[in-house]
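Trainee: Got a sequence here, can you build the structure:
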Amino acid sequence: MRLSSLLALFRPALPLILGLSLGCSLSLLTVTWTQGDTDEPCGDGLVNGGLFAGNQGHNTKGGNRAGGGNEDFQPHIVPYYRDPNKLHKKVFRTRYIHTELGIRERLLVGILTSRATLTTLAVSVNRTVAHHFHKTFFFTGVRSPKIPHGMQVVAHGDDRPVWLMYETVRYLHQHFGGDYDWFYLAQDDTYTQAERLSQLVSHLSAGQDLYLGRAEEFIGGDERARYCHGGYGYLLSRSLLARLQPHLDTCRNDILSVRPDEWLGRCIIDSLGLSCVEVHQEMQYRYFELGKNADPEREDSAAFKNAFTVHPVSDPTLMYRLHKRFSQIELERTNLQIQQLQVQISNLSSLTPEGKAGATWPIGINSPFKPKTRFEVINWEYFTEEHIYSCIDGAPKCELRGADRADVTDVVETAVERLNEHYQPVLRFRKQRLLNGYRRFDPTRGMEYTLDLALEAFTQKGHSQVIAKRVGLLRPLSSIEIIPMPYVTEATRVQVILPVTAHEQDYVGNFLDMYVMNALDTHDNVLLTFLFIYEPFDAQRVSQNDVFAGIKSMIGEVEKRYANVKILWISVKTEVPSQVKLMDIISKKHPVDTLFFLASVWTEVNTDFLNRCRMNAISNWQVFFPIHFQEYSPAIVYRDQQPSVASSSAAESLKDGHFDRHVFEEACFYNADYMAARTKMAADILDNDEMLESMDVYEIFVRYSSLHVFRAVEPALVQKYVRRTCNPRFSEDIYHRCVLSNLEGLASRSHLAMALFEQEQANST
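Mentor: From the prediction side, this is the model:
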């Protein structure tokens, strides 16, 4: 009874029990049992029988042991050996990274012109579309006596059209065949929509032979063969140009044609078997034939609006009108795309965690900057139509002028215009005056404005009323434009020039200590030249009592410490140490490619600034005048602290001070640029020493040079507080700047206010 009840209880689990028993039995039968002793050591289970099953033995001299399936996972270290008897060449890196990586530019444009149209149609092409391409060349047979400014003209010496085409194709392959993926050729009576052509090229693969343009039939030739009409422009791939180059001489001798585009098409067909196509990989080359006496403003067809090129263009005025019309079309399309994107962003914002509130105004622009600390808060500037209450010189109120006035006027007019667009025809507004204006620059989005306007509102029935309206505007940051700059390197040698007068020699010791630590100890590529300025009385007594004897002994000690270092000095006698006169002496004693750093005795030379000096001073392009950071007087700033406490806190961070905009003593420039500016200045001075004394190097570059004068703050140049001696023999402007530098460098307004407050309290008690 008990057995039957027990079987009844386990009956539902019998299939499970039988299945487990059968599985265990089968698994035991498949296991290979190894008994007895073995020479193999114990190993990791994952290695011996798991993920990396295979031979675990080491390679022997006779060969590999059986089952060497684990060889892929064993590292093979190859020791480096350099043969001392073999001459190894130094590896030179390329100047630009895209050269080393083999990255090429996408498109080069060549315009076929003539001597008669070089100064008319070719100039209009250059002004309308040439700046949109990386490089644009104008090819002509005979060069015009006067070459238009800003155009790269290549003259081949022969006006025959076919010869011009032959020389142009050969020139492109010879000079730029390995630098560009595509080559676009067109006539000077062709208008090209640059953005659309660049977009077309960006979607094409340069690794295949392609001859793309408007396909035309040969007169009396094969019906299937086509050539690209030169009036509408055509594209040649780099690979096609490379394959065509060996056949150019044969085509020149064998093919007879009057039209250059037809000659090129016949050469490509006969040599490569390729014909001109208008569609490639679903990308169509669109063109438009402009009728006689056509008005671009009235052209409204889809073929015209979507065209890449327009032909023929009879005169430059028509070229400019076409450019204006296509610019309007592109602007309308861009505005429409912006509106569509704003609608999409607004619709999708409801799906975000923030919901509709997460979409900031204007839609599509970055949200306002959110400061994390009180030091990151962006200040608002208050302004009216006449004054602004945030001045550069620190004054509480100054007149609104120049670019600031134009900015405020434009913003107010735009605000009234947008209000009328929004409320018309129900209401119409007219500005009375600006009540309040606020603006701030947000680096993440642009310039923000908040305006309180007094407006006179008119209804449709003619009633009017003056109301106050607050509006917000944003001038967003546009697309960033990369300005090409000449190549510079941080390996350039810097020649430091240090003028020293008798009153300034006490500060030379600190200058030399910083120079030794930051230039000589680091083996920087820097040379130093002292310029000792003797007054006439001291110059007569130099043999008995040299005022600069102490400095010369310090220079000798430095040269003893560093055997390969030579510090030069030059002695000058003058009553007025004009910066220009001193540089005239230095310039004659150095090569034209010397990079000068004109320093002062309070300058602390360091590697960071020297590298920026090398990068910011570009020969025949730019000079650099840094604005150093001037510390305030410690007697006022740290008046409540002990000297040790003040010095320790100053060493931890940037000390209290300001960027001294009134000092132009430090400068970085090339000797050739200075000599060129002085040559232009020579006609004005005519040995007028008073004019030289009234000018400094900065003013010479501003007035007599076409170079970029780069004036920027330089945090790596930090000078300790010192009260400079202002020489009244200098010009009034230089003397006035020196006085302002001493006054503003004393302390900040808050420090001066606290000092006056404490002094008044002390006097009252």
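Trainee: Any idea which helix or strand in the chain has the lowest mean pLDDT?
Mentor: Within the chain, no helix or strand scores below helix 45-48, which has a mean of 38 by mean pLDDT, DSSP states H and E.
Trainee: need the contact list for residue 203.
Mentor: 281, 283 (CB atoms under 8 Å, 6 or more residues apart in numbering). Every residue, glycine included, has its C-beta placed from N, CA and C.
Trainee: Same question for residue 707.
Mentor: Residue 707 makes contact with 620, 621, 622, 623, 673, 701, according to CB under 8 Å, 6+ apart.
Trainee: can you rerun that using 6 Å?
Mentor: Residue 707 is in contact with 622, 623, 673, counting by CB atoms under 6 Å, 6 or more residues apart in numbering.
Trainee: And the nearest residue to residue 419 once chain neighbours are set aside, which helix or strand is it part of?
Mentor: Leaving out its chain neighbours, the residue that sits closest to residue 419 by CB to CB, 6 or more residues apart in numbering is residue 429, at 5.0 Å. Here residue 429 sits within strand 427-442, counting by DSSP states H and E.
Trainee: What would the helix or strand just after that strand look like as PDB? C-alpha coordinates only.
Mentor: Sequence order places strand 446-459 as the next helix or strand after strand 427-442, per DSSP H and E. What follows is strand 446-459, C-alpha atoms only, in PDB (Å, rounded to 0.1, in the frame of the first residue of the first chain):
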ATOM      1  CA  GLY A 446      26.300  85.400 -29.500                       C
ATOM      2  CA  MET A 447      25.400  88.900 -28.400                       C
ATOM      3  CA  GLU A 448      22.100  89.100 -26.400                       C
ATOM      4  CA  TYR A 449      20.100  92.300 -26.200                       C
ATOM      5  CA  THR A 450      17.200  93.400 -24.000                       C
ATOM      6  CA  LEU A 451      15.500  96.600 -25.000                       C
ATOM      7  CA  ASP A 452      12.800  98.700 -23.400                       C
ATOM      8  CA  LEU A 453      11.300 100.800 -26.200                       C
ATOM      9  CA  ALA A 454       8.800 103.700 -26.100                       C
ATOM     10  CA  LEU A 455       6.700 103.000 -29.200                       C
ATOM     11  CA  GLU A 456       3.800 104.900 -30.800                       C
ATOM     12  CA  ALA A 457       1.200 102.200 -31.900                       C
ATOM     13  CA  PHE A 458      -1.200 102.900 -34.700                       C
ATOM     14  CA  THR A 459      -4.400 100.900 -35.300                       C
END
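Trainee: in strand 446-459, what counts as buried?
Mentor: Of all the residues in strand 446-459, those buried under the rule 16 or more other CB atoms under 10 Å are 446, 448, 449, 451, 453, 455, 457.
Trainee: Can you tell me how far the closest residue to residue 290 other than its chain neighbours is from residue 333?
Mentor: Leaving aside its chain neighbours, residue 290 sits nearest to residue 310 (5.3 Å; criterion: CB to CB, 6+ apart). Residue 310 sits 17 Å away from residue 333, taking CB to CB, to the nearest Å as the criterion.
Trainee: Next: residue 347.
Mentor: 21 Å.
Trainee: Between residue 310 and residue 333, which is the more surrounded one?
Mentor: Legend: neighbour count by other CB atoms under 10 Å for residue 310 and residue 333, higher for residue 310 (27 against 11).
Trainee: quick one: residue 628 and residue 717 touch, right?
Mentor: Yes: contact status for residue 628 versus residue 717: in contact at 3.8 Å, counting by CB atoms under 6 Å.
Trainee: Assign a three-state SS to residue 471, would you?
Mentor: Judged by DSSP: H, G, I helix; E, B strand; the rest coil, the three-state class of residue 471 is strand.
Trainee: Any figure for the gap between it and residue 455?
Mentor: From residue 471 to residue 455 the distance is 10 Å (CB to CB).
Trainee: got it, and residue 194?
Mentor: Here the criterion is CB to CB. By it, residue 194 lies 42 Å from residue 455.
Trainee: about what we covered before: pLDDT and neighbour count added to the contacts of residue 707, as a markdown table?
Mentor: Output for the contacts of residue 707, formatted as a markdown table (pLDDT from 0 to 100; neighbours: other CB atoms under 10 Å):
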| residue | pLDDT | neighbour count |
| --- | --- | --- |
| 622 | 94 | 21 |
| 623 | 95 | 27 |
| 673 | 94 | 21 |
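Trainee: Helices - which of these land there?
Mentor: Among the contacts of residue 707, the ones falling in helices (DSSP state H) are residue 673.
Trainee: pLDDT at residue 602, what is it?
Mentor: Looking at residue 602, its pLDDT is 91.
Trainee: before we move on, what about residue 214?
Mentor: For residue 214, pLDDT reads 94.
Trainee: re the thing from before, ok, the residue nearest to residue 290 to residue 298 distance?
Mentor: Using CB to CB, residue 310 is found at 14 Å from residue 298.
Trainee: same check, this time on residue 109
Mentor: Counting by CB to CB, the gap from residue 109 to residue 298 is 29 Å.
Trainee: Could I get the CA-only coordinates of stretch 671-680 as PDB?
Mentor: Extracted in PDB, the C-alpha atoms of stretch 671-680 (Å, rounded to 0.1, in the frame of the first residue of the first chain):
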ATOM      1  CA  ASN A 671      64.300  92.500 -39.200                       C
ATOM      2  CA  ALA A 672      63.200  92.500 -42.900                       C
ATOM      3  CA  ASP A 673      59.800  93.900 -41.900                       C
ATOM      4  CA  TYR A 674      61.300  96.600 -39.800                       C
ATOM      5  CA  MET A 675      63.700  97.600 -42.600                       C
ATOM      6  CA  ALA A 676      60.900  97.800 -45.100                       C
ATOM      7  CA  ALA A 677      58.800 100.100 -42.800                       C
ATOM      8  CA  ARG A 678      61.900 102.300 -42.200                       C
ATOM      9  CA  THR A 679      62.500 102.600 -45.900                       C
ATOM     10  CA  LYS A 680      59.000 103.900 -46.400                       C
END
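Trainee: and that stretch, which residues are buried?
Mentor: By neighbour count on 16+ other CB under 10 Å, the buried set for stretch 671-680 is 671, 673, 674, 676, 677, 678.
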